[in-house]
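Novice: Provided below for reference: sequence and predicted model.
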Amino acid sequence: MFSRAIVRQPSENFADGLTSVDLGMPHLETALEQHRGYCEALVRCSLTLTELEADPRYPDSTFVEDTAILAGKCAVITNPGAESRKGETVGIAETLSVHYPKLERILPPGTVDGGDVCQIDRHFLIGISDRTNEAGAGQLSGFLNAAGFTSSHVDIRGIEGLLHLKSGLTYLGDGRIVVADALVGRPEFEGYETVRVPAGEEYAANCIRVNDHVLFAAGFPELRKRLVGLGYDLIELEMSEFEKMDGGLSCLSLRF
Ligand code: CIR
């Protein structure tokens, strides 16, 4: 169960952030409205929010998930893989220090983006990607193992369309994962019940289980049907402006 989340409003220069997709410029007012809807959904899931002010020094700073890994009593401040995002960790460390007496840190040459880290109960899958390197994944495994968790690494380099591991993978709880075709059949996911993402609905693979609900991107009817059929209580959210900047539902909050 989660009880809190940290979020940060998109800044007025949100459109200057990094993106690999060609979906056009995001519209700030719409992004702010979608962000409000996201915050309301977290509150509906019984979370208390810490809402950080927009920070125009870092256009990608609304994607707070990439800046820290939170696991039980263990909090690790990352070293994001993209140069333009490294400074985002300063404000997040300050905010987290209110809740965690000790903060671990990923140090250079290690890099980690939180979007590459998927918690499956007591185990962590850590994606090795263009943002998370082996040195960073190794440091993170060390911190997690010391805190009583296990971990393994999943190399996703070279898989087209996957910025982060969680761009194609979600853990729903109860041994069940949502997996995009690009990752289906990988030995790392053996033993989990798999919900496959229908072709054309890849963006919706990044959904999040938050207590009794699943936050789900609006506009992906087939995967929606599958999840509703499995009994999940979905909260559908418009995400178009974040999708334009390569961001999904999980990236917009740090949940703990
Ligand atoms: C970036 O490229 O870093 C941002 N525009 C998007 C980050 C998305 N984060 C995530 O999936 N965890």
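Specialist: Yep, that arrived.
Novice: now the helices for the stretch 151-256 of the chain?
Specialist: Secondary structure of the stretch 151-256 of the chain (DSSP state H, counting those that start in this stretch): helices at 221-229, 240-243.
Novice: mind listing what Ala5 touches?
Specialist: Contacts for Ala5 (C-beta atoms under 8 Å, 6 or more residues apart in numbering) come out as Leu42, Leu47, Thr48, Leu49, Thr50, Ser253, Leu254, Arg255, Phe256. (Each C-beta comes from the backbone N, C-alpha and C, glycine too.)
Novice: got a winner among those residues for most neighbours?
Specialist: Counting neighbours by other C-beta atoms under 10 Å, Ser253 leads those with 27 neighbours.
Novice: isn't Cys39 right up against Leu49?
Specialist: Yes. With contact defined as C-beta atoms under 8 Å, Cys39 reaches Leu49; the gap is 6.0 Å.
Novice: what sits in contact with each of the two?
Specialist: Contact criterion C-beta under 8 Å, 6+ apart; residues shared by Cys39 and Leu49: Val7.
Novice: tell me which residues form a beta bridge with Ile208?
Specialist: Counting by DSSP bridges, Ile208 forms beta bridges with Leu215.
Novice: Ala147: neighbouring residues, count only.
Specialist: Based on other C-beta under 10 Å, the number of other residues close to Ala147 is 14.
Novice: How about the contacts made by the residue in the stretch 101-250 of the chain that the ligand sits nearest to?
Specialist: Nearest residue of the stretch 101-250 of the chain to the ligand, counting by C-beta to the nearest ligand atom: Gly115, 2.5 Å away. By C-beta under 8 Å, 6+ apart, the contact list for Gly115 reads Phe63, Glu65, Asp66, Arg131, Leu163, His164, Leu165, Lys166, Ser167, Gly248, Ser250, Cys251.
Novice: Same list (those) but as CSV, adding pLDDT and neighbour count.
Specialist: Shown next, in CSV, are those (pLDDT from 0 to 100; neighbours: other C-beta atoms under 10 Å):
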residue, pLDDT, neighbour count
Phe63, 98, 28
Glu65, 98, 27
Asp66, 98, 29
Arg131, 98, 23
Leu163, 97, 25
His164, 98, 28
Leu165, 98, 26
Lys166, 98, 26
Ser167, 97, 27
Gly248, 97, 26
Ser250, 98, 24
Cys251, 98, 25
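Novice: and stretch 125-141, which residues are buried?
Specialist: Residues 125-133, 135-141 are the ones in stretch 125-141 that count as buried (16 or more other C-beta atoms under 10 Å).
Novice: again with stretch 97-112
Specialist: Tyr100, Leu103, Glu104, Ile106, Gly110, Thr111, Val112.
Novice: if we can go back for a sec, of the contacts of Gly115, which fall within the contact range of the ligand?
Specialist: Phe63, Glu65, Asp66, Leu163, His164, Ser167, Gly248, Ser250, Cys251 (C-beta under 6 Å from any ligand atom).
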